[in-house]
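J.: Test case, fold it:
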Amino acid sequence: MDLVRVVEGTTKFYVPDSEKYKLDSNMPVFFNSVMKLNRDIAVEIIKNSFKKPKVLDLLAGTGAKGLRIANELPNSAVVLNDGNPHAAKLIKKNAKLNKLSVEVFNMSANKLLKSSRKKYDFIDIDPFGTPISFLEDSIKKLRKNGILGVTATDTSALVGTYPKACMRKYGANIRRTKFMFEAGIRILIKKVVEEGIKQKIALEPIFSHSSNHYLRVYLKRVDKTLPTIKKKVRPLFYCQNCANFKISEVFTTSKKRCACGGYFEQLGPMWIGNLWDKNLVEKIEGNKTIDLIKEESKLNVLGYFDYHSIAKLIENKKDLPKMSKLIELIKKKGYSVSKTHFSPTGIRSDIPPRTFLKLLTK
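T.: Okay, here's the model as predicted:
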């Protein structure tokens, strides 16, 4: 295997040479440099949640995430696992490079979880594809107040490109909406929450973020009753014509007409509660993405308006205000507003959809 040395923060790694290997599941040991933000946030969340965390990096690859946790949080006890023998060997090499004392296993993820009596404060599930097959056993190994970090890279199913795949994997109806990445996040959370409910364990999201190729959620094991959690999983009725939506308690077979004249589509069920713990978000340090999340997490709002997509519905596009001007207009109307990290042309606000459209057409 041809390796190159990279550095993230104060942690050094040997990783497969990206000029020699394609970034896919056939890589001898998987490593994606673009996932640095994913690793940055994981370190920050653990640092701000625990004093002496016991951590399991379940599908560790090169060990980049687990070793960064061990290196940047000296009081942590980290276990790293990967079913690929080449990965396990490379993790040990990288641990030695950083002079870190960690446990390394070379087992299938669920076999490790089933065979171990250990429970963890933080378990990271970061697979190539869907995380579904790892949820049940991981939740069982989560301590009280423990946190589960879950990545999904099968975004095409979750955001509506392949609706049948979403229904088959996640048990939810989805279409490509004007807030599709957030809808995907909410369906992913719904799936994890449901897996917890099966085990009578209440899980609640404390942080969420997305990029073009993955969705990432963090859920905490909380003391809330299961009925309280169940109430936050609901169907959503969404109008593609004007971006209006309504939350419902049950699905219905009858078509509902929107005030704009269009029809509502039934989506979900999905998580309709908050995506972020505001107190935790304020403690996290990071880049522009984190700064955007800090702003949008202050709004208890489901969904956002994608200015670019909605503008396509307007006949006279020459008179459309710029995004910055539109945000000012929304503020002047007395509504809360921010940009969103989910889309560079997304606006999160508690302004009603019809009022938003009127501002566009003034």
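J.: Verify the stated contact: Leu359 with Leu320.
T.: No - the criterion here is Cβ atoms under 8 Å, and Leu359 misses it with Leu320 at 9.9 Å. Using the backbone N, CA and C atoms, a C-beta is placed for each residue, glycine as well.
J.: Can you get me a residue count around the residue lying closest to Leu97 once chain neighbours are set aside?
T.: Leaving aside its sequence neighbours, Leu97 sits nearest to Lys12 (Cβ to Cβ, 6 or more residues apart in numbering; 5.4 Å). Lys12 sits with 14 neighbouring residues when counted by other Cβ atoms under 10 Å.
J.: Lys12: what's it in contact with?
T.: Arg5, Val6, Asn94, Leu97, Asn98 (Cβ atoms under 8 Å, 6 or more residues apart in numbering).
J.: quick check, nearest of those residues to Met270?
T.: Distance to Met270, by Cβ to Cβ, is smallest for Val6 among these, at 36.9 Å.
J.: who's the closest one bridged to?
T.: Phe13 (DSSP bridges).
J.: Touching, it and Lys36? I think so.
T.: No - using Cβ under 8 Å as the test, Val6 is too far from Lys36 to be in contact (9.7 Å).
J.: any idea how far Ile189 is from the residue nearest the centre of the chain?
T.: Closest residue to the average C-alpha location of the chain: Arg216 at 2.2 Å, with Cα atoms, centre = their mean. With the distance defined as Cβ to Cβ, to the nearest Å, Arg216 ends up 11 Å from Ile189.
J.: Common neighbours of these two, please.
T.: Ser208.
J.: surely Thr153 meets Gly184?
T.: No - the criterion here is Cβ under 8 Å, and Thr153 misses it with Gly184 at 11.4 Å.
J.: Looking at the two now, which is surrounded by more residues?
T.: Counted by other Cβ under 10 Å, Thr153 and Gly184 do not tie: Gly184 has more neighbours, with 27 against 19.
J.: Contacts only, for the spatially closest residue to the more buried one that is not a sequence neighbour.
T.: The shortest distance from Gly184 to any non-neighbouring residue, by Cβ to Cβ, 6+ apart, is to Leu158 (3.4 Å). Shown in contact with Leu158 (Cβ under 8 Å, 6+ apart): Ala152, Cys166, Tyr170, Ile174, Ala183, Gly184, Ile185, Ile187, Leu188, Leu215.
J.: can you pull out the strands in the stretch 51-200 of the chain?
T.: Counting by DSSP state E, counting those that start in this stretch, one finds strands in the stretch 51-200 of the chain at the ranges 54-57, 77-81, 103-105, 120-125, 142-152.
J.: Relative to Phe105, which of the contacts of Leu158 is nearest.
T.: For these, the nearest to Phe105 is Ala152 (23.5 Å; Cβ to Cβ).
J.: mind listing what that closest one touches?
T.: Applying Cβ under 8 Å, 6+ apart, the residues contacting Ala152 are Gly129, Thr130, Pro131, Leu158, Gly184, Leu188, Tyr214, Leu215, Arg216.
J.: which intervals of the stretch 51-200 of the chain have sub-threshold pLDDT?
T.: Residues of the stretch 51-200 of the chain that meet the criterion pLDDT under 70 are absent altogether.
J.: quick revisit: quick one: the residue nearest to Gly184 from Phe128, how far?
T.: Counting by Cβ to Cβ - Leu158 and Phe128 are separated by 15 Å.
J.: show me the contacts for the spatially closest residue to Lys47 that is not a sequence neighbour.
T.: Spatial nearest neighbour of Lys47, excluding adjacent residues (Cβ to Cβ, 6+ apart): Leu73 at 5.7 Å. Leu73 sits next to Val43, Ile46, Lys47, Pro53 when contact means Cβ under 8 Å, 6+ apart.
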